[in-house]
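Engineer: Could you work out the structure for the sequence below:
(2 chains)
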Amino acid sequence: AQSVTQPDIHITVSEGASLELRCNYSYGATPYLFWYVQSPGQGLQLLLKYFSGDTLVQGIKGFEAEFKRSQSSFNLRKPSVHWSDAAEYFCAVAANSGYALNFGKGTSLLVTP
Amino acid sequence: DGGITQSPKYLFRKEGQNVTLSCEQNLNHDAMYWYRQDPGQGLRLIYYSQIVNDFQKGDIAEGYSVSREKKESFPLTVTSAQKNPTAFYLCASRRGFSEAFFGQGTRLTVV
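Structural biologist: Coordinates of the predicted model:
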């Protein structure tokens, strides 16, 4: 069965520290991969996406993600976290054009002073 | 500005009542989706539509219904058959291989 797993439900980091959020997927072929961020009571905003090509993709707000085919992973990273990065982060996967995105259960990020 | 508009932002439903959530997009996207979000559950797909006058059930369609009479609109009705409708509902649209764009959501509460 196709699935998306975000192993960490909650992560706490200090402001200025580096961040890595994990995402693993189980799909038959290389899918389309996305990371979204959600502030409380709001919709989802796209951080970055991977379709093909360079496996290291850059996104907005200083985020990047690396696609590793051998590990079926698409981990999100940021070198230095800001207090405004506190939010819920979702990894999503789509099998093909027009198909619905399949979401992980999310990782809640808390940033401490 | 192009985007997705969901209304209302907050909605209250009495027991046994049907309610309809509105979703309108002006992005000229063919595909539209409804997701339900509960704490710790991520986003779960209710229904989706890839073209006008056609839609498919998602993972949790029971107790919900949709229509797609216009490309821009994809309303979701929460029927009385949905026994636990309190949740945050998100509408999205997508063109081809692109990312999905989301509305700001509707929070539905049973009173």
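
Engineer: can you tell me which residues contact residue 11?
Structural biologist: If you meant another chain, say so; for now it's chain A. A:19, A:21, A:107-110 (C-beta atoms under 8 Å, 6 or more residues apart in numbering or on different chains). Glycine gets a C-beta too; all of them are placed from N, C-alpha and C.

Engineer: Oops, wrong one, chain B.
Structural biologist: With C-beta under 8 Å, 6+ apart, B:Leu11 has these contacts: B:19, B:21, B:106-109.

Engineer: show me the contacts for the residue nearest in space to the middle of chain B.
Structural biologist: Centroid-nearest residue in chain B, with C-alpha atoms, centre = their mean: B:Trp34, separated by 3.2 Å. The neighbours of B:Trp34, taking C-beta under 8 Å, 6+ apart as the test, are B:21, B:23, B:45-48, B:58, B:64, B:66, B:74, B:76, B:89-92.

Engineer: For chain A, tell me which of those residues show up nearby.
Structural biologist: B:45, B:48, B:58, B:90, B:92 (C-beta under 8 Å from any C-beta of the partner chain).

Engineer: Quick one, which of these are buried?
Structural biologist: Buried members of the ones next to chain A among the contacts of B:Trp34, counted by 16 or more other C-beta atoms under 10 Å in any protein chain shown: B:45, B:48, B:58, B:90, B:92.

Engineer: quick check, the fourth one in a strand?
Structural biologist: Yes: inclusion of B:Leu90 in a strand is indicated when DSSP: H, G, I helix; E, B strand; the rest coil is applied.

Engineer: want to try JSON lines for the ones next to chain A among the contacts of B:Trp34, with distance to B:Asp38 and pLDDT as columns?
Structural biologist: Shown next, in JSON lines, are the ones next to chain A among the contacts of B:Trp34 (distance: C-beta to C-beta, whole Å; pLDDT from 0 to 100):
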{"residue": "B:Leu45", "distance to B:Asp38": "13", "pLDDT": "95"}
{"residue": "B:Tyr48", "distance to B:Asp38": "19", "pLDDT": "96"}
{"residue": "B:Gly58", "distance to B:Asp38": "15", "pLDDT": "94"}
{"residue": "B:Leu90", "distance to B:Asp38": "12", "pLDDT": "97"}
{"residue": "B:Ala92", "distance to B:Asp38": "17", "pLDDT": "96"}
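
Engineer: Format those residues as JSON lines; extra columns: distance to B:Asn84.
Structural biologist: Below are the ones next to chain A among the contacts of B:Trp34 laid out as JSON lines (distance: C-beta to C-beta, whole Å):
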{"residue": "B:Leu45", "distance to B:Asn84": "17"}
{"residue": "B:Tyr48", "distance to B:Asn84": "21"}
{"residue": "B:Gly58", "distance to B:Asn84": "16"}
{"residue": "B:Leu90", "distance to B:Asn84": "17"}
{"residue": "B:Ala92", "distance to B:Asn84": "22"}
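
Engineer: from these, which is closest to B:Asp30?
Structural biologist: Taking C-beta to C-beta as the measure, B:Tyr48 is the one of the ones next to chain A among the contacts of B:Trp34 closest to B:Asp30, at 11.0 Å.

Engineer: On the three-state scheme, that closest one is what?
Structural biologist: strand.

Engineer: Bridging across strands, which residues link to it?
Structural biologist: B:Tyr33, B:Gln56 (DSSP bridges).

Engineer: Please verify my assumption that it contacts B:Ile60.
Structural biologist: No: counting by C-beta atoms under 8 Å, B:Ile60 is not a contact partner of B:Tyr48; they are 12.0 Å apart.

Engineer: from the chain's centre, how far out does whatever helix or strand A:Gln45 lives in sit?
Structural biologist: Secondary-structure assignment from DSSP states H and E places A:Gln45 in strand A:44-50. Here the centre of mass of C-alpha atoms in strand A:44-50, compared against the chain's by C-alpha atoms, centre = their mean, to the nearest Å, lies 8 Å away.
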